[in-house]
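# sequence and predicted structure, then a few things I'm wondering about:
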Amino acid sequence: MAPGAGLGLTIVRSIAESHGGSVSLHNVSGGGAEVTLLLPAH
């Protein structure tokens, strides 16, 4: 994640990683963002 993405996304990433998952964030052309949260199924 890029620096300055916000504290909320940093917290989400920390929680996701502690459960074996990940978070990614990408800018969308025309404005906005796409956030992907992946968590393993146990």
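Structure received. Residues are numbered from 1 along each chain as shown.

# which residue is nearest the centroid of the protein?
In the chain, the residue lying closest to the centroid (C-alpha atoms, centre = their mean) is residue 23, at 3.0 Å.

# let me see the contact set for the nearest residue to residue 25 once chain neighbours are set aside.
Excluding its sequence neighbours, the residue lying closest to residue 25 (C-beta to C-beta, 6 or more residues apart in numbering) is residue 35, at 5.3 Å. The C-beta positions use only the backbone N, C-alpha and C, and glycine is treated the same way. Listed by C-beta atoms under 8 Å, 6 or more residues apart in numbering, the contact partners of residue 35 are 9, 23, 24, 25.

# name the element the third one belongs to?
Taking DSSP states H and E as the criterion, residue 24 maps to strand 22-27.

# go ahead and confirm the residue nearest to the centre of the chain touches residue 10.
No. Because the distance of 9.4 Å does not satisfy C-beta atoms under 8 Å, residue 23 is recorded as not touching residue 10.

# where exactly do the helices run in this protein?
Secondary structure of the chain, counting by DSSP state H: helices at 7-18.

# next, count neighbours for residue 42.
5 (other C-beta atoms under 10 Å).

# do you know how far it is from residue 27?
Using C-beta to C-beta, to the nearest Å, residue 42 is found at 32 Å from residue 27.

# for residue 13, same thing?
17 Å.

# neighbour-wise, which of those two wins?
residue 13 (18 against 10).

# confidence score at the more buried one?
For residue 13, the pLDDT comes out at 91.

# report the beta-bridge partners for the residue lying closest to it once chain neighbours are set aside.
Computed as C-beta to C-beta, 6+ apart, the closest residue to residue 13 that is not its neighbour in sequence is residue 23, at 4.6 Å. Beta-bridge partners for residue 23, by DSSP bridges, are residue 37.

# and residue 23, how far from residue 41?
Separation of residue 23 from residue 41 (C-beta to C-beta): 17 Å.

# pass me the low-pLDDT residue ranges in the chain, would you?
1-6 (pLDDT under 70).
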